[in-house]
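> When you get a sec, could you give me coordinates for this:
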Amino acid sequence: MIQGTPPPGIAARIIKGIILTIACLLVIIPFTGVISTSLASPESVARAGGFVIIPDSINFGAYRAIFSGGVVSRAVWVSIGVTVAGTAISLAVTTMLAYALSRRGSVGQRPMLFLVLGAILFAPGMIPTYLVVKSFGLLDSYWALILPTAVSAFNVIVVRSFFMSIPQELIDSARVDGASEWMTFTRIVLPLSKAALAVIGLFYAVGYWNAFFNALLYMNDTSKWPLQLVLRAYVVDGSSLSSSQLAGADGAFPPQQSLQMAILVVSVVPILIVYPFLQKHFAKGVLTGAVKG
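This next block holds a predicted model:
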């Protein structure tokens, strides 16, 4: 009889606890400093040298400045629109393509499956993609932020594997009852695939929300920049926001460090808010789509 692995000793548990504590602090302290700096008063920021861990008082001046109008608030709406529209389009196309590939005997099922698998192995280069976008007249268009990345071959394979795990008897019974392929897809397959769709939708939403490279390539009009490109320009590259770029800013202009940290918080918080609602589906959706099929 094979005995199980003995439990770790007290020393091992202490070492693991110390390592996990250090790892958590390495994540929590910088993020706390970002939030604190965005909420700190100008005096606290100046006294702390630009990075505040614990603010003396709460000041929402930086958030009022970036949401009062101008480049940042406009970029937030651009990112929200691109994320919502792009996620909806990507989910629709991905699920329909995955369903077609999961049904053996569909017209062109095997060639299309090999094409999707080939897309995983051979990604298009930056220059060919740019030439395609330019030839379709999508430069300086919001569609340039959506269409080039609308379908992920990896996500198609994951959803296809999930669809194939649905019992064939359910599909056959629906056909016996006279249901069309579209009715079977919308009324049987999709309701049973909520876990996979929630995970894939989260993947797409995070990808659209965090994307900046497509905007950097295809967007010459700064008024159409998404939030992540504004974040890159004013936080990563260190460019300064002026009062003319914040439509509602008054004479009490917040420190640049507070403005930069406020933009960073705005770019991170939406995903942190959405993720807990989808967390319960995350493991089930990924593991089922990856193992079965």
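
> For Leu147, see how far away Val133 is.
Look at Val133 and Leu147: by Cβ to Cβ, to the nearest Å, they are 8 Å apart. Just so you know, the C-beta spots here come from the backbone N, C-alpha and C atoms, and that holds for glycine as well.

> same question, Val266
Distance of Val266 to Leu147, given as Cβ to Cβ: 26 Å.

> What does Tyr142 show for phi and psi?
Phi and psi for Tyr142, reported as degrees, to the nearest 10, are phi -60, psi -20.

> Is it in contact with Val78, as I believe?
Yes. Counting by Cβ atoms under 8 Å, Val78 is a contact partner of Tyr142 at 7.4 Å.

> More neighbours: these two, which one.
When Tyr142 and Val78 are compared on other Cβ atoms under 10 Å, the one with more neighbours turns out to be Val78, at 22 against 18.

> Name the nearest residue to the more buried one, sequence neighbours excluded.
Excluding its sequence neighbours, the residue lying closest to Val78 (Cβ to Cβ, 6 or more residues apart in numbering) is Pro226, at 4.8 Å.

> Now do the contacts for that neighbour.
Ala75, Val78, Ser79, Val82, Leu145, Ala211, Phe212, Ala215 (Cβ atoms under 8 Å, 6 or more residues apart in numbering).

> ok, now with 7 Å
The contact partners of Pro226, by Cβ atoms under 7 Å, 6 or more residues apart in numbering, come to Ala75, Val78, Ser79, Val82, Leu145, Phe212, Ala215.

> likewise Glu169?
Glu169 touches nothing, counting by Cβ under 7 Å, 6+ apart.

> give me the element it is part of.
Using DSSP states H and E, the element containing Glu169 is helix 168-176.

> What's the first helix or strand after the host helix or strand of Pro128?
Pro128 belongs to helix 126-135 when assigned by DSSP H and E. As assigned by DSSP H and E, the chain's next helix or strand after helix 126-135 is helix 153-164.

> Report the mean confidence score over that next one.
The average pLDDT within helix 153-164 is 88.
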